[in-house]
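Visitor: heads up, no residue letters with this:
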């Protein structure tokens, strides 16, 4: 079978996901050709050079939408794929909209990578997103949800249950190697916590900053890897938070290894890639009770979850942290990672779903 992947932006977690899928499908027995069409915005072309890439000029503004639809349609016509696998909300619109007016089309697999109606936005916007997704689902053969929480949210907005499955995200059971040495001097008498993510509303760094300003815990030091979405904006960190800036991906596993635990205070999260990267590195997790994060952390086993609206609960968790307990939790988290969250498992399930669609055609 021939598979064409269709994307909009490919920075961050979705780049990790797509690169895992492409590298696997390139070698897969049942796939004769894998291609990809994606925008040029922030794209790392080296990641996709072996996947016959079609790259279109794009910024997420209405004046670019029509060109995106045209370029994606051209790639579909050129490739004549058996399956189109669409990734993320905007790509989902661009790829599927033209098929609303056509009777003949390839099989279409769609993954939102986080439903738009799960964001903290106004109710009327959520209803619009839900309506658009229901309309486009009529031209979709399979909807892949990246967590059970995502599935439940989609069903609440009346997306078709009979077309919906859950396939957890996965990453390789292999850490990145780097010749560079980690230049980091941590106080080992403290619990050293790590936050990794964009400095935006979703990821909740502002919540941690506010918490640590109001609760200067002597036993805990927080380190932050990431950057603002708007480069010109600045965030003031209290003394018990250290900003490490942006870190090259080849070094990221060394940072995970250096810390006692990883904290993920997201307001909403379709899955939580940072969480399974931490588990792969045998690190305990401290996560908010939002989105899919409670699916990844068994409270008291491989970490702790806390009520995002309750600073007292977070203070109680952080005040009682012990290095030996966190180390034990990290080992249990690694076992959970191997059991559920490897790229091999994810990719096998995706191809199994492709085969089901082909056989039903």
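Guide: Looks like it came in fine. Remember, predicted model here, so these are calculated numbers, not experimental data.

Visitor: And the helix or strand of the chain with the lowest mean pLDDT, what's buried?
Guide: Here the helix or strand of the chain ranked lowest by mean pLDDT, DSSP states H and E is helix 45-48, holding a mean of 85. Buried residues in helix 45-48, counted by 16 or more other C-beta atoms under 10 Å: 47-48. The C-beta positions use only the backbone N, C-alpha and C, and glycine is treated the same way.

Visitor: just stretch 127-135 next, same as before
Guide: 129-130, 132-133.

Visitor: can you give me the strands in the stretch 101-250 of the chain?
Guide: In the stretch 101-250 of the chain, the segments counted as strands under DSSP state E, counting those that start in this stretch are 107-111, 142-145, 164-166, 191-196, 220-225, 241-245.

Visitor: Run through the helices of the chain in chain order.
Guide: 13-27, 45-48, 62-79, 89-96, 123-137, 148-156, 205-214, 252-258, 273-280, 293-296, 311-319, 323-340, 343-360 (DSSP state H).

Visitor: As a markdown table, these with distance to residue 220 would be great.
Guide: Compiled in a markdown table, the helices of the chain are given as follows (distance: least, C-beta to C-beta, whole Å):
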| stretch | distance to residue 220 |
| --- | --- |
| helix 13-27 | 26 |
| helix 45-48 | 36 |
| helix 62-79 | 44 |
| helix 89-96 | 37 |
| helix 123-137 | 36 |
| helix 148-156 | 28 |
| helix 205-214 | 8 |
| helix 252-258 | 15 |
| helix 273-280 | 17 |
| helix 293-296 | 20 |
| helix 311-319 | 5 |
| helix 323-340 | 12 |
| helix 343-360 | 33 |
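
Visitor: what sits up against the least confident helix or strand of the chain?
Guide: In this structure, residues lying in contact with helix 45-48 by C-beta atoms under 8 Å, 6 or more residues apart in numbering are 10, 15, 18-19, 22, 36, 38, 53, 55.

Visitor: One more: stretch 237-252?
Guide: Stretch 237-252 has contacts (C-beta under 8 Å, 6+ apart) with 176-178, 180, 182, 184, 196, 208-209, 212-213, 216-217, 220-227, 235, 255, 277.

Visitor: give me that answer again for 7 Å
Guide: Stretch 237-252 has contacts (C-beta atoms under 7 Å, 6 or more residues apart in numbering) with 176, 178, 180, 209, 212-213, 216, 221-227, 255.

Visitor: If you rank these by neighbours, which is first?
Guide: If you count neighbours using other C-beta atoms under 10 Å, the busiest of those is residue 222, which has 24 neighbours.

Visitor: surely it meets residue 193?
Guide: Yes - at 4.8 Å, residue 222 and residue 193 qualify as touching, with contact defined as C-beta atoms under 7 Å.

Visitor: Show me the shaky parts of the stretch 1-150 of the chain.
Guide: In the predicted model, the stretch 1-150 of the chain carries no residue with pLDDT under 70.

Visitor: Residue ranges in the stretch 201-350 of the chain under the pLDDT threshold?
Guide: For the stretch 201-350 of the chain, the stretches with pLDDT under 70 are 228-235.

Visitor: mind running it again at 90?
Guide: Counting by pLDDT under 90, the stretch 201-350 of the chain contains low-confidence ranges at 216, 226-240, 245-251.

Visitor: Touching, residue 282 and residue 331? I think so.
Guide: Yes - counting by C-beta under 7 Å, residue 282 does reach residue 331; the two are 5.9 Å apart.

Visitor: More neighbours: which of those two?
Guide: residue 282 (18 against 11).

Visitor: Enumerate every residue touching that one.
Guide: Listed by C-beta under 7 Å, 6+ apart, the contact set of residue 282 reads 330-331, 333-334.

Visitor: thinking again about what came up before, including distance to residue 356, could the strands of the stretch 101-250 of the chain go into JSON lines?
Guide: Formatted as JSON lines, the strands of the stretch 101-250 of the chain follow (distance: least, C-beta to C-beta, whole Å):
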{"stretch": "strand 107-111", "distance to residue 356": "10"}
{"stretch": "strand 142-145", "distance to residue 356": "8"}
{"stretch": "strand 164-166", "distance to residue 356": "9"}
{"stretch": "strand 191-196", "distance to residue 356": "36"}
{"stretch": "strand 220-225", "distance to residue 356": "40"}
{"stretch": "strand 241-245", "distance to residue 356": "45"}
